[in-house]
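K.L.:
what would the 3D arrangement of this be:
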Amino acid sequence: QVHLVESGGGLVQPGDSLRLSCTSSERTFSDFGMGWFRQAPGKEREFVAATSYSGRAIMYADSVKGRFIISRDNSKNTAYLQMNTVRPEDTAVYYCASRGTPLLHNGYDDPREYRDWGQGTQVTVSS
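P.N.:
Numbers count the residues shown, from 1 in each chain. Down below sits the predicted model:
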């Protein structure tokens with residue numbers, strides 16, 4: 001069982017920046033793609049960003065493109081989500097997930113294609 005732990009959430013104001021971290025207990029972390037999803041109250045879980053095993057292939061949801069940056073440090077078994085110029089509509093619980101495959105092929109934006117999930121970290125954007 002892979003253990004993923006998110007951190008870095010909190011209360012921020014519109015326009016601020018925030019960096020989320022996701023640390024994995026999996027020894028083969030560097031073999032698998034990683035994704036970030038979010039879920040706002042009353043809404044379905046939605047795709048935010050994903051990266052391939054190497055970090056060279058990256059995809060973003062249109063709603064965060066140009067503002068958020070996904071990255072990973074395989075030496076630290078950690079994936080990151082740098083959130084810039086946040087908006088109130090970014091308020092949600094943010095989850096990281098391990099794809100179980102190395103590449104970003106079809107389904108990278110589908111939560112059903114991810115094998116392991118963290119417990120989530122709350123991000124609230126409010127003035």
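
K.L.:
tell me what the residue positioned nearest the centre of the chain is bridged to.
P.N.:
For the chain, Trp36 is the residue whose C-alpha lies nearest the centre (Cα atoms, centre = their mean; 2.1 Å). Trp36 has these beta-bridge partners by DSSP bridges: Ala49, Cys96.

K.L.:
how about the strands of the protein, start to end?
P.N.:
4-7, 10-12, 18-24, 34-39, 46-51, 58-60, 68-73, 78-83, 92-98, 116-117, 121-125 (DSSP state E).

K.L.:
could you dump those to TSV with distance to Asp109 and mean pLDDT?
P.N.:
No exception for glycine: its C-beta is placed from N, CA and C like everyone else's. As requested, those are exported to TSV (distance: least, Cβ to Cβ, whole Å; pLDDT from 0 to 100):
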stretch	distance to Asp109	mean pLDDT
strand 4-7	18	96
strand 10-12	25	97
strand 18-24	17	97
strand 34-39	8	98
strand 46-51	4	98
strand 58-60	7	97
strand 68-73	13	98
strand 78-83	15	98
strand 92-98	11	97
strand 116-117	15	95
strand 121-125	19	98
